[in-house]
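Asker: Below are the sequence and a predicted model for it; my questions follow.
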Amino acid sequence: PKALINIGARLPEKQLDLEAYRQIVEQVEQAGFCPILSYGPTEESMARAIEQSSSGTLAPPTALLELASLMAASNLVITCDTGPMHIAVAVGTPTCGIFVTTPPERFGYPSKPHVCLDARNGFTQNEQDNLNQWWARQEAHSHHV
C-alpha cells in the first residue's frame with residue numbers, strides 16, 4: 001500500500017517542521033506503507049532533505065492533474081491544511097488533514113474515511129497516536145490499489 005505525504009504548504013505557518021515530517025514518514029513505513037513524498041516548488045528542498053534521511057520516495061514534480069492522479073492511486077494521503085488536501089478528498093482517497101494554524105472544524109473533512117488532526121498546539125504524541133490509529137483503520141479497510 002502507498003501513503004502519499006504532501007510536504008509543506010504554500011504558507012510556512014501552515015506546515016509542520018522537518019522533524020515532524022520525518023516522524024510521519026517513519027511511522028508510515030513501520031505501518032507497512034510505502035511513503036511517497038509530494039511537494040510544491042517552494043518545498044522541494046525540504047522534501048529532498050526528508051527523502052535523504054528517511055525511507056520516503058520523492059515523487060516527480062507534478063502539475064495539478066498529475067498530483068490528483070498520484071493521490072487517487074494512493075491508499076491514503078497525509079497533508080497539512082493546503083490545496084492538495086482538498087484535491088485528495090475530491091479524488092476520494094482517505095485523507096488526514098493536519099491543521100497547524102487554521103481551525104479544523106471550519107476547513108477540515110472530519111467524516112470517514114477522512115480525519116482532521118488539530119496540531120495548533122504542536123504535533124504532539126497525541127496527534128501522532130491519532131494518526132497511527134487512523135491509518136491502521138485505512139490499511140484494514142483499504143479499497144484503493
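Answerer: All right, it came through fine. Bear in mind that the values here come from a model prediction, so they are computed numbers and not experimental data. Residues are numbered from 1 along each chain as shown.

Asker: which residues touch Leu131?
Answerer: By C-beta atoms under 8 Å, 6 or more residues apart in numbering, the residues touching Leu131 are 24, 27, 78, 96, 117. Where you see a C-beta, it was placed from the backbone N, CA and C, and this is true even at glycine.

Asker: among these, who's most crowded?
Answerer: Of all the contacts of Leu131, the highest neighbour tally under other C-beta atoms under 10 Å goes to Ile78, namely 30 neighbours.

Asker: so where does that residue fall, helix or strand?
Answerer: For Ile78, the host element (DSSP states H and E) is strand 76-80.

Asker: what's the closest of the contacts of Leu131 to Tyr109?
Answerer: Nearest to Tyr109 among these: Cys96, at 9.5 Å, using C-beta to C-beta.

Asker: how about the closest one, secondary structure?
Answerer: Three-state call for Cys96 (DSSP: H, G, I helix; E, B strand; the rest coil): strand.

Asker: So what's the predicted local confidence for it?
Answerer: Listed pLDDT for Cys96 reads 96.

Asker: Then the one 5 residues further on?
Answerer: According to the model's per-residue confidence, Thr101 sits at a pLDDT of 95.
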